[in-house]
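>>> Got a predicted structure plus its sequence, pasted below:
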Amino acid sequence: MPVTDGAISEFDHHSEEFFDHRHEEWMRQRRCPVAHNPHYGGFWVVSGYDEVAAVSRDGATFTSKYEESSPDGIEYLGIMGIPRMPGVPPALIAEVEGPTHAALRRLLNPFMLPSAVAGYQPFIEQCATWFLDQMISEGRMDVVKDFANPVPAILTMKMVGLPCESWSYYAEVFHSMNAHGAGSEQAAHARSLMDAMIAELLRVAAERRVEPKEDILSRLVALEIEDGRRLRDDELIGVLWNLIGGGLDTTTSLTSLTLHHLDVRPELRQKLIDDPDLLVPATEEFLRFTSVNETLTRTVTADIELGGQQLERGDFVLLSWLSANFDEKVFDRPEEVVLDRSPNPHLAFGVGPHRCIGMHIARAMFVAMMREVLTRIPDYRVDREATRFYRGNPELAGVVTMPIDFTPGPTVGVERPF
Ligand code: HEM
């Protein structure tokens, strides 16, 4: 792994300093879009838009596979960070390749395509209205815990086929784990809840084997993969872990960070209130600007040149969607939110064979939640003193807690949707 002069990146992506100055750091990195970082055993940092897109499109050379000890002598890192977060199941959609990955995508597509999302639309809107109804007469709420967290959590429960009433339990596990970073007390607490969560998932799976329903879990327990065999329990947990983790906290972060930005830039909020159609292009712009899934990882399967550097089989790669989405070669004034930015080829959902399968659902949930806030509590003000952002998680950005005040309004009175 010879590194050309200057292609060295010094940052420690788990440090507070990196976290606080990461936009400046990524800007510096983009001058050398593929560079080697010596921390954590050494890895390549890919920060330019073209290079990030090239890596993620070439899933054969830059694999997402996770396999601790493989017969071919490589350690396959998977996608979940350098170093990998200990004690969590592998994400067995994002971290598998080949026929099993294709079979899982085929199984999930009917639940994820725009036609399916159109079917969920009334439920999503009803959830958004109902949760705001619970708080609107108060004039104050924690917009993360009371609104942006439950709506995506309940939809995910419903799609997968889990009891919707258990949403807060699943949401707590993922929110605590994502919000505070691998070594924190909160992440350890979240991991301690996992055994009970896994037992509950397997209990519901056993019910679906006996009595299938129209949900993802029923299809998963019946799925035949290689050699016509069914998924083992540990594989089933890995798939569900990926699906629930993907569905739960990501759209929550997108919505919370957007609401925060619209508090800092009230003139943008006013534009969205005056012209509700603007929310469609603005959704893409907030996806780009917030880039909530900031980084993920890959393993190199064959020697290859990338961005003037020679990468070798077995090397690890840190991909920055965040940096790609701020690449000034592709986006004019990237540090600014331009509500009607066009074109907007952002990589917030990734690109290539592992592109986010939940992207249409994420957009629909975000739009529904934003419409609800902008029409019913348009004068909300963020309590910035009390707001806490995720810290120490290089993969995911988000907001732990964000109290808002607003003029109390009437309830709509929709039925409880779950
Ligand atoms: C703002 C919301 C979201 C963002 C920014 C986001 C981001 C991403 C990104 C960047 C990837 C690509 C991973 C890679 O290439 O390695 C991905 C994959 C994935 N996402 Fe999302 N996601 C979001 C919402 C969702 C939702 C709502 C679901 C489920 C309902 C979901 C489920 C998944 C799954 C299962 C994968 C793995 C796909 C595969 O490997 O084939 N995501 N997501």
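Ah, there it is.
>>> going forward, measure contacts and count neighbours with C-alpha atoms only.
OK.
>>> helix or strand for the closest residue to residue 339 other than its chain neighbours, which one?
Leaving aside its chain neighbours, residue 339 sits nearest to residue 282 (4.5 Å; criterion: C-alpha to C-alpha, 6 or more residues apart in numbering). Following DSSP states H and E, the helix or strand that holds residue 282 is helix 279-290.
>>> Need the CA coordinates for that helix. CSV is fine.
Output in CSV follows, covering the C-alpha atoms of helix 279-290 (Å, rounded to 0.1, in the frame of the first residue of the first chain):
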residue,chain,number,x,y,z
LEU,A,279,-41.2,21.1,-0.3
VAL,A,280,-40.6,18.5,-3.1
PRO,A,281,-37.3,19.9,-4.3
ALA,A,282,-36.5,21.1,-0.8
THR,A,283,-36.7,17.4,0.4
GLU,A,284,-33.8,16.6,-1.9
GLU,A,285,-31.9,19.6,-0.7
PHE,A,286,-32.3,18.8,3.0
LEU,A,287,-31.3,15.2,2.2
ARG,A,288,-28.1,16.6,0.7
PHE,A,289,-27.5,19.2,3.3
THR,A,290,-28.1,17.1,6.3
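>>> Any part of it near the ligand?
No - using C-alpha under 6 Å from any ligand atom, helix 279-290 never reaches the ligand; the gap is at least 6.5 Å.
>>> Touching that helix from outside, list them.
Helix 279-290 is contacted by residues 254, 257-258, 272, 322, 325-326, 334-335, 337-342, 344, 346-348, 363, 366-367, 397 when judged by C-alpha atoms under 8 Å, 6 or more residues apart in numbering.
>>> Just the buried residues from these, in ChimeraX please.
In ChimeraX syntax, the buried subset of these is picked out as below (16 or more other C-alpha atoms under 10 Å):
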select :254,257,258,272,322,325,326,337,338,339,346,347,348,363,366,367,397
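>>> Among the contacts of helix 279-290, which lie within strands?
Among the contacts of helix 279-290, no member is found in strands (DSSP state E).
>>> what helix or strand is the residue nearest to residue 390 when sequence neighbours are not counted on?
Spatially, and ignoring its direct neighbours in sequence, residue 390 is nearest to residue 179 (4.5 Å; C-alpha to C-alpha, 6+ apart). Taking DSSP H and E as the definition, residue 179 sits inside helix 167-180.
>>> buried ones in that helix?
167, 170, 171, 172, 173, 174, 175, 176, 177, 178, 179, 180.
>>> my guess is the fifth one contacts residue 195, does it?
This points to residue 173. No - under the criterion of C-alpha atoms under 8 Å, residue 173 is not in contact with residue 195, lying 11.0 Å apart.
>>> re the thing from before, and after the helix holding residue 179, which helix or strand comes next?
helix 185-210.
>>> do the helix or strand following that next one and the ligand meet at all?
For helix 185-210, the following helix or strand on the C-terminal side (DSSP H and E) is helix 216-222. No - applying C-alpha under 6 Å from any ligand atom, one finds helix 216-222 separated from the ligand by no less than 10.9 Å.
>>> Run through who's touching helix 216-222.
Defining contact as C-alpha under 8 Å, 6+ apart, one finds that helix 216-222 is touched by 107-108, 111, 159-161, 205, 208-209, 212, 230-231, 236.
>>> tell me which of the residues you listed is nearest to residue 294?
residue 108 (24.3 Å; C-alpha to C-alpha).
>>> Around the residue nearest to that closest one when sequence neighbours are not counted, how many other residues sit close by?
Nearest residue to residue 108 in three dimensions, chain neighbours excluded: residue 216, at 7.1 Å (C-alpha to C-alpha, 6+ apart). A total of 20 residues lie near residue 216 under the criterion other C-alpha atoms under 10 Å.
>>> can you check residue 204 too?
Residue 204 has 15 nearby residues by other C-alpha under 10 Å.
>>> what sits against it?
Counting by C-alpha under 8 Å, 6+ apart, residue 204 has contacts residue 162.
>>> is any part of the lowest-mean-pLDDT helix or strand in the chain close to the ligand?
The weakest-scoring helix or strand in the chain, judged by mean pLDDT, DSSP states H and E, is helix 167-180 (a mean of 86). No - using C-alpha under 6 Å from any ligand atom, we find that helix 167-180 stays clear of the ligand, coming within 13.1 Å at best.
>>> which SS class is the residue in the stretch 51-200 of the chain that the ligand sits nearest to?
The ligand sits closest to residue 94 of the stretch 51-200 of the chain, with a gap of 3.1 Å, by C-alpha to the nearest ligand atom. The three-state assignment at residue 94 reads coil, by DSSP: H, G, I helix; E, B strand; the rest coil.
>>> for it, what are its contacts?
64, 65, 79, 101, 242, 354.
>>> Only the buried subset of those residues, as a PyMOL command please.
Selection of buried members from the contacts of residue 94 for PyMOL, criterion 16+ other C-alpha under 10 Å:
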select buried, resi 64+65+79+101+242+354
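>>> Number of residues surrounding residue 218?
21.
>>> pLDDT at it, what is it?
On pLDDT, residue 218 comes in at 98.
>>> for residue 406, what are its contacts?
139, 140, 377, 378, 379, 380, 381.
>>> Could you give me the PyMOL syntax to select whichever of these are buried?
Of these, the buried ones can be selected in PyMOL as follows, counting by 16+ other C-alpha under 10 Å:
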select buried, resi 140+377+378+379+380+381
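>>> Pick out the residue nearest the middle of this structure.
residue 250 (3.8 Å; C-alpha atoms, centre = their mean).
>>> didn't that one look like it was pressed against residue 292?
Yes - between residue 250 and residue 292 there is a contact at 6.7 Å, judged by C-alpha under 8 Å.
>>> Common neighbours of these two, please.
Common neighbours of residue 250 and residue 292 (C-alpha under 8 Å, 6+ apart) are 396, 398.
>>> where along the stretch 1-150 of the chain do the strands fall?
34-37, 43-46, 62-63, 66-67, 76-77, 140-142 (DSSP state E, counting those that start in this stretch).
>>> so residue 104 makes contact with residue 92?
No - with contact defined as C-alpha under 8 Å, residue 104 does not reach residue 92; the gap is 9.3 Å.
>>> what about those two, which has more around it?
When residue 104 and residue 92 are compared for neighbours, residue 92 comes out ahead with 24 against 19, by other C-alpha under 10 Å.
>>> who in the stretch 201-350 of the chain is up against the ligand?
Residues of the stretch 201-350 of the chain lying near the ligand (C-alpha under 6 Å from any ligand atom): 242, 243, 246, 247, 250, 251, 254, 292, 293, 348, 349, 350.
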